[in-house]
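Colleague: My questions concern the predicted model and sequence given below.
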Amino acid sequence: MANEMSSEIAIPYDSADQQRSAATFGMWVFLATEVLFFGGLFVGYVVYRYEYPEAFRTGSAELNLWSGGAMTLLLLLGSMLVAVVDHLIAPSADNRSSLRGPVVRRLVATTVLGIAFLALEFHEYHQLIQDGRFPGHAFRLSDVSSDPLDGRSVEMFFTLFFCMTGLHAFHMCLGILLVGGMAVAIGRSEQPRSLANPMSVIGLYWHFVDIIWVFLYPLFYLVR
Amino acid sequence: MSAHENSPEGYDFAHPLPLPLLFGVFLILVLLTIITVAQASFDLGSFDVLIVMAIATIKGLLVAAFFMHLAFDKPFNILCFVSSFVFVGLFIMFTLFDNRATNQDDIPVMDDAVVTAPAETTSAAMTTAGT
């Protein structure tokens, strides 16, 4: 195992451990910046919810609770599959049998789950836009509230909803491309374990996107 | 095999976690999701937000600790990731302080007399000023 790993060490590094440590640390720093990136939107959410709690309840009632729950389960299942892949492909794993098939199957399943998540999300967007809940000129508030001020506050709820879930969906698209690309790369590789580092780093990104949704779901769907 | 025996620094974050542990964490996450959805049917008043956010935090911690191996990672990586949440928390806290301090409902209106002045008083004042 040591010989197999030593042939994959890139030039600036002294050991496979050091190389993996650098890759993982870089990803953690990136994820920390992502937390701060989403953090601004979360601050906006907290301030407007503090100002207009009733409007947020009204807006939340327009969302499909069960669809959001199903989306959460899809993401959690995808995360579990990626964690299993990380288990199978790790250099120190005991399993020495062919791992290409099991790993590729799980990565493809994760990609499909991600696409199913986006399909549900875009279906919900479609329904909301048809019902006039998209912020802007087309936003209809007559059937939401008779008070114009409350109506604008509900519009703010949907502005935050489309911005935050839209930004999350963008991250999901990147995650699907990365996981799908990794499935192709591992499928073509003679030594799948040589891709353990990129797989581990992409796995961290996928789990992070999962964590963001874990917070978005109650904030938007469960304000009742 | 110990989880920390391979790395010279003592933190073997490449060590694969046992599959039963991963499945167990997944089942707990599913259970917490079901509880979150179910509690939406009950009106718990202002405790609603606290309960769902507490459950979401537990779920996030489980994903980070086991799926992302953060529980077995280097302390510096943990510090790096957790500190970003701390800064977001500070950002939210000080914004709310500021929001509360500048909220119109909480500020005593000093020029109330001008706003509620009778119409004739106001028009007399405007005539005196030559407008």
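Modeller: Yes, it's here.

Colleague: does stretch A:114-121 come close to chain B?
Modeller: No: using C-beta under 8 Å from any C-beta of the partner chain as the criterion, no contacts between stretch A:114-121 and chain B are found, and the smallest distance is 13.8 Å. C-beta here means a position set from N, CA and C on the backbone, and glycine is covered the same way.

Colleague: hmm, who's touching that stretch?
Modeller: A:67, A:70-71, A:74-75, A:78, A:165, A:169, A:172-173, A:175-176, A:179 (C-beta atoms under 8 Å, 6 or more residues apart in numbering or on different chains).

Colleague: of the residues you listed, buried ones?
Modeller: In the contacts of stretch A:114-121, burial by neighbour count holds for A:70-71, A:74-75, A:78, A:165, A:169, A:172, A:175-176, A:179, counting by 16 or more other C-beta atoms under 10 Å in any protein chain shown.

Colleague: which parts of stretch A:53-69 are buried?
Modeller: In terms of neighbour count (16+ other C-beta under 10 Å), stretch A:53-69 has its buried residues at A:55-56, A:58-60, A:63, A:65, A:68-69.

Colleague: From the residues you listed, which land in strands?
Modeller: When DSSP state E defines the strands, the subset of the buried residues of stretch A:53-69 inside them is empty.

Colleague: buried ones in stretch A:120-133?
Modeller: Residues of stretch A:120-133 classed as buried under the neighbour-count rule (16+ other C-beta under 10 Å) are A:120-121, A:124-125, A:128, A:133.

Colleague: Torsion angles phi and psi at residue A:13?
Modeller: Residue A:13 adopts backbone torsions of phi -110, psi 150, taken as degrees, to the nearest 10.

Colleague: What pLDDT is listed against it?
Modeller: For residue A:13, the pLDDT comes out at 73.

Colleague: For residue B:26, list the residues it contacts.
Modeller: Counting by C-beta under 8 Å, 6+ apart, residue B:26 makes contact with A:76-77, A:79-80.

Colleague: same check, this time on residue A:218
Modeller: Counting by C-beta under 8 Å, 6+ apart, residue A:218 has contacts B:36, B:52-53, B:55-56.

Colleague: quick one: which helix or strand includes it?
Modeller: helix A:196-221 (DSSP states H and E).

Colleague: Give me the buried positions along that helix.
Modeller: With burial defined by 16+ other C-beta under 10 Å, the residues of helix A:196-221 counted as buried are A:196-197, A:199-221.

Colleague: Residue A:79 contacts residue A:208, correct?
Modeller: No: the pair residue A:79 and residue A:208 fails to qualify as a contact (C-beta atoms under 8 Å) at a distance of 9.8 Å.

Colleague: Say whether chain B is contacted by whichever strand or helix holds residue A:174.
Modeller: In this assignment (DSSP H and E), residue A:174 forms part of helix A:148-188. No: in this structure, helix A:148-188 remains apart from chain B according to C-beta under 8 Å from any C-beta; the gap is never smaller than 13.2 Å.

Colleague: Tell me which other helices or strands that helix touches.
Modeller: Contact here means 3 or more C-beta pairs under 8 Å, 6 or more residues apart in numbering or on different chains; DSSP states H and E; on that basis helix A:148-188 packs against helix A:16-51, helix A:53-61, helix A:100-130, helix A:196-221.

Colleague: got any ranges where the chain has weak pLDDT?
Modeller: Using chain A. Filtered on pLDDT under 70, chain A yields the residue ranges A:1-8, A:92-97, A:141-151.

Colleague: my question was about chain B
Modeller: Counting by pLDDT under 70, chain B contains low-confidence ranges at B:1-15, B:104-131.

Colleague: Check which residues of the longest helix along it are buried.
Modeller: Across chain B, the longest stretch assigned as helix under DSSP state H is helix B:75-101. With burial defined by 16+ other C-beta under 10 Å, the residues of helix B:75-101 counted as buried are B:77-78, B:80-81, B:84-85, B:88, B:91-92, B:99.

Colleague: got a markdown table for these, with distance to chain A too?
Modeller: Shown next, in a markdown table, are those (distance: C-beta to the nearest C-beta, whole Å):
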| residue | distance to chain A |
| --- | --- |
| B:77 | 5 |
| B:78 | 8 |
| B:80 | 5 |
| B:81 | 5 |
| B:84 | 4 |
| B:85 | 6 |
| B:88 | 4 |
| B:91 | 5 |
| B:92 | 5 |
| B:99 | 6 |
